[in-house]
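Novice: The sequence and its predicted three-dimensional model are supplied below.
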Amino acid sequence: MFRGSASAKIDSKGRLKIPTAFRRVLEERYGREVFVTSVLGDAALIYPLVVWEEFEERLAKLPSTDRTKRRFLERVGYYGQQTQLDAQGRVVIPQILRESAEMAGEAVVSGRLDHLEVWNHQRLLNRFADEEFSEEDFAYLTERGV
């Protein structure tokens, strides 16, 4: 599992060095191949390729006429790129996604159980301020046995 978060930097060529703890889990458990994408264009999602392929298999079971499936695939395809970590543990964030998510310099890489999420550091702090985690949110999770 990917858990916690770590500071990182995106260099001038758009490469993100995966923090050591996440890199270790990624390489040992899943290998070096990943799918980098986004749904909203505000953050990068880095899925181990095998995890993404399992998700695609579930998604493929929905009818091709399903509007939500089509909108989702349009977006992840637009932002997405299959790639692999280089020898230094870096992955390129696609240019179109870097521009959309304002990714340059300081970033935060967070574990999301089966994938990683990468945010421009300041944008993430702004999101936290705009979308507080409330008592109702805690109650919702508690009601679901989490």
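Specialist: Perfect, thanks for sending it. Numbering: from 1, shown residues only.
Novice: quick one, strands of this structure?
Specialist: Using DSSP state E, the strands of the chain run over residues 5-10, 15-17, 33-37, 44-48, 81-84, 90-92, 105-111, 116-120.
Novice: What pairs with the longest one, parallel or antiparallel?
Specialist: The one in question is strand 105-111. strand 5-10 (antiparallel), strand 116-120 (antiparallel) (DSSP bridges).
Novice: still on that earlier bit, out of the strands of the chain, nearest to Pro63?
Specialist: strand 33-37 (22.2 Å; Cβ to Cβ). All C-beta atoms are positioned from the backbone trio N, CA, C, and that covers glycine.
Novice: thinking again about what came up before, pipe the strands paired with strand 105-111 into a markdown table and attach mean pLDDT per row.
Specialist: As requested, the strands paired with strand 105-111 are exported to a markdown table (pLDDT from 0 to 100):
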| stretch | mean pLDDT |
| --- | --- |
| strand 5-10 | 96 |
| strand 116-120 | 97 |
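Novice: Could you say which of those is packed most deeply?
Specialist: Highest mean neighbour count among the strands paired with strand 105-111 (mean count of other Cβ atoms under 10 Å): strand 116-120, with a mean of 23.
Novice: Please work out the angle formed by the directions of that strand and strand 44-48.
Specialist: Taking axes from the mean of the first three to the mean of the last three Cα atoms, to 10 degrees, one finds strand 116-120 and strand 44-48 inclined to each other by 160 degrees.
Novice: would you turn the strands paired with strand 105-111 into JSON lines with distance to Ser64?
Specialist: Shown next, in JSON lines, are the strands paired with strand 105-111 (distance: least, Cβ to Cβ, whole Å):
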{"stretch": "strand 5-10", "distance to Ser64": "36"}
{"stretch": "strand 116-120", "distance to Ser64": "28"}
